[in-house]
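Asks: quick one, fold the following:
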Amino acid sequence: MLSSSTSKIHHFRFCSSLLFSQFEILLSYHTPPHKNPQFAHKPKYNPIHNQSTSDLSSSPAPTHFDFSDFRPDIVLETLNCYANDWKRALEFFNWVESQSRFQHTTQTLNRILDILGKFFEFDIAWNLIEKMRNNPCSLPDHTTFRVLFKRYVSAHLVNEAIDAFVKSDEYNLRDEVTFSNLIDALCEYKHVIEADELCFKRNQDSHYNDCVFDFNVENTKYYNMILRGWFKMKWWRKCREFWEDMDKRGVKKDLYSYSIYMDIQCKSGKPWKAVKTYKEMKKSGIQLDVVAYNTVICAIGISEGVDVAVRLYKEMIELGCESNVVTFNTILKLLCENGRYREAHKVLNLMMKKGCQPNLVTYHCFFTSLEKPREIIKFFDRMMESGIRPCMDTYVMLMRKFGRWGFLRPVLHLWENMAEHGLSPDESAYNALIDALLQKGLVDMARKYDEEMLLKGLSGKPRAELLSNMDTEGSDSG
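Replies: Presented below is the predicted three-dimensional model:
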């Protein structure tokens, strides 16, 4: 019983601190399925608080689960660990329901749908939705369809996303909230042309026009979404034309409209125009919020220097607009990009003194600009000690950076750290590791990870070193 349960623990390895409290329950209760694939990386720690194996084996194992043994946040955290391995995520999702009588919630359903959609397993996703609609605890909601829209559109399956919107009527969810989620997804993933046609019926031949018959799209919210969509496409001329078109149509621009347009001007390489728009807003009596100020601080920092940006920050405080973590991150980024690390450290201490806790982006400002490996590792350790968990982008950025500098040991350390914290590597992480190994001439080890990545259904990139080496082996065996 103990050996099989321990084996399954390695399969469902709950690495976050939230999950450690559940290990003893798993050891006592879990009966594994017939097939029990193992993790590639074994945990190096024992989460069972120094309890001996003999104590565990002698403890009586209860014969049933109470649904309270697993909380929804525990299940969600575990699913997050399998974000890049849909098969294991689905196996855990089914196991926790069948073996522990856990009642899945709408939130756990939405999370597994997001993971399945990431790997284009939409048929399985729809089957789960149909199955879960019979459970009052896991009824599909607006977020369910927002997740589907996001995954369909990110895979460029626009018609399927619109069909999903039509199908939302079967779940009594075909309303303006769901429609705005569809438009938002289309704009977010660079299908703004379709969003524009769907909203304003520019394509008269489209059979989807009836979908929006009952919705009033002639309001600022939808125009802001379309404007942000053109921003995502980086079609700067179209952004300007649409901005002017809003005036022609009599659309009342709000603070969010101006914030988007100032961001467009800043990102399009014309930050001085964003500053000009800011001054026009002040003259017209529009009261800026912290989001608008953050955009202007960034724009004025790029166009006129970080010192002017700091002065604007002080002006914002004097006007009674409280700063947030994005404000400090914007200033930190400007300081780090200018190599003013001592002042950046002072700003970091200031934000903590003001009760504004740093987040992952705060540390990314330093990671992106620092050029000394020891300083980066020191900051990484400081981040971990503060309780901030790195995301996949953090690991990929640092692995690429160390790999580019020719430091393999910290790359391998980051890879192990990622596994220990329950993150399943994505294709970018694999590629960063493989590139670092090849740079050091470790072709066999690189090939092992390349094969592991392909087995997970992740896309590798062609590498001459691996291909040429395989050709040589093939000719030798022949």
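Asks: C-alpha from now on. contacts and neighbour counts both.
Replies: Fine.
Asks: how close does the nearest residue to Thr178 once chain neighbours are set aside get to Ile124?
Replies: By the measure of CA to CA, 6 or more residues apart in numbering, the closest residue to Thr178 outside its immediate chain neighbours is His142, 6.0 Å from it. In this structure, His142 and Ile124 are 19 Å apart, going by CA to CA, to the nearest Å.
Asks: can you list the low-confidence ranges for the stretch 351-478 of the chain?
Replies: Low-confidence segments of the stretch 351-478 of the chain, defined by pLDDT under 70, span residues 468-478.
Asks: just the helices in it please.
Replies: In order along the chain, the stretch 351-478 of the chain carries the following helices (DSSP state H, counting those that start in this stretch): 360-369, 373-385, 392-405, 408-420, 427-439, 443-455, 464-477.
Asks: and the residue nearest to Thr178, what's its pLDDT?
Replies: With respect to pLDDT, His142 scores 97.
Asks: just checking, it touches Leu173?
Replies: Yes: with contacts counted by CA atoms under 8 Å, His142 reaches Leu173, the gap being 6.8 Å.
Asks: where does the stretch 151-300 of the chain dip in pLDDT?
Replies: By pLDDT under 70, the weakly predicted segments of the stretch 151-300 of the chain are 202-214.
Asks: strands of that one, start to end?
Replies: With DSSP state E, counting those that start in this stretch as the definition, the stretch 151-300 of the chain shows no strands.
Asks: endpoint to endpoint, stretch 257-275 covers what distance?
Replies: In terms of CA to CA, the two terminal residues of stretch 257-275 are separated by 15 Å.
Asks: what residues does that stretch touch?
Replies: Residues outside stretch 257-275 that contact it (CA atoms under 8 Å, 6 or more residues apart in numbering) are 224, 227-228, 231, 234, 236, 239, 243, 277-278, 291-292, 295-296, 298-300, 302-303.
Asks: hmm, back to that, CSV for the helices of the stretch 351-478 of the chain, including distance to Glu97?
Replies: Below are these laid out as CSV (distance: least, CA to CA, whole Å):
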stretch, distance to Glu97
helix 360-369, 33
helix 373-385, 33
helix 392-405, 28
helix 408-420, 25
helix 427-439, 30
helix 443-455, 27
helix 464-477, 43
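Asks: tell me which of the ones you listed lies nearest to Gln99.
Replies: Among the helices of the stretch 351-478 of the chain, helix 408-420 comes nearest to Gln99, with 25.8 Å by CA to CA.
Asks: what angle separates that closest one from helix 373-385?
Replies: With axes from the mean of the first three to the mean of the last three CA atoms, to 10 degrees defining the directions, helix 408-420 sits at 10 degrees from helix 373-385.
Asks: helix 408-420 packs against which elements?
Replies: The criterion is 3 or more CA pairs under 8 Å, 6 or more residues apart in numbering; DSSP states H and E, and the helices and strands that helix 408-420 contacts are helix 392-405, helix 427-439.
Asks: buried sites along that helix?
Replies: By 16 or more other CA atoms under 10 Å, the buried positions in helix 408-420 come out as 408, 410-412, 414-415, 418-420.
Asks: how far off helix 427-439 does that helix point, in degrees?
Replies: Calculated by the same axes, to 10 degrees, helix 408-420 forms an angle of 150 degrees with helix 427-439.
Asks: picking that back up, pick the most deeply packed of the helices of the stretch 351-478 of the chain.
Replies: Most buried of the helices of the stretch 351-478 of the chain by mean neighbour count (mean count of other CA atoms under 10 Å) is helix 427-439; its value is a mean of 21.
Asks: need the contact partners of that helix.
Replies: In contact with helix 427-439 (CA under 8 Å, 6+ apart) are residues 392, 395-396, 399-400, 403-404, 406, 408, 411-412, 415, 443, 445-447, 449-450, 453, 458-461, 465.
Asks: backbone torsions only: list them for Gln287.
Replies: In terms of degrees, to the nearest 10, the main-chain angles of Gln287 are phi -80, psi 120.
Asks: and it, how many neighbours?
Replies: 11 (other CA atoms under 10 Å).
Asks: now do the same contact list for it.
Replies: By CA under 8 Å, 6+ apart, the residues touching Gln287 are Met281.
Asks: repeat that with 10 Å
Replies: Neighbouring residues of Gln287 by CA atoms under 10 Å, 6 or more residues apart in numbering: 255, 281, 321.
Asks: drop anything exposed from the residues you listed.
Replies: Under a neighbour-count criterion of 16+ other CA under 10 Å, the subset of the contacts of Gln287 counted as buried comprises Cys321.
Asks: which of the contacts of Gln287 lies closest to His364?
Replies: The shortest separation between His364 and any of these is 25.4 Å, and it belongs to Cys321 (by CA to CA).
Asks: ok, Ala155 touching Ala185?
Replies: No: taking contacts as CA atoms under 10 Å, Ala155 lies outside contact range of Ala185: 11.4 Å.
Asks: what do those two both touch?
Replies: For the pair Ala155 and Ala185, residues contacting each of them under the criterion CA under 10 Å, 6+ apart are 149, 161.
Asks: between these two, who's got more neighbours?
Replies: For the pair Ala155 and Ala185, the greater number of neighbours falls to Ala185 (27 against 15), based on other CA under 10 Å.
Asks: shouldn't that one be in contact with Val147?
Replies: Yes: judged on CA under 10 Å, Ala185 makes contact with Val147 at a distance of 9.0 Å.
Asks: any chance of TSV for the helices and strands packed on helix 408-420, columns distance to Asn84?
Replies: Shown next, in TSV, are those (distance: least, CA to CA, whole Å):
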stretch	distance to Asn84
helix 392-405	10
helix 427-439	9
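Asks: out of the ones you listed, which gets nearest to Leu128?
Replies: For those, proximity to Leu128 was assessed by CA to CA; helix 427-439 is nearest, at 26.3 Å.
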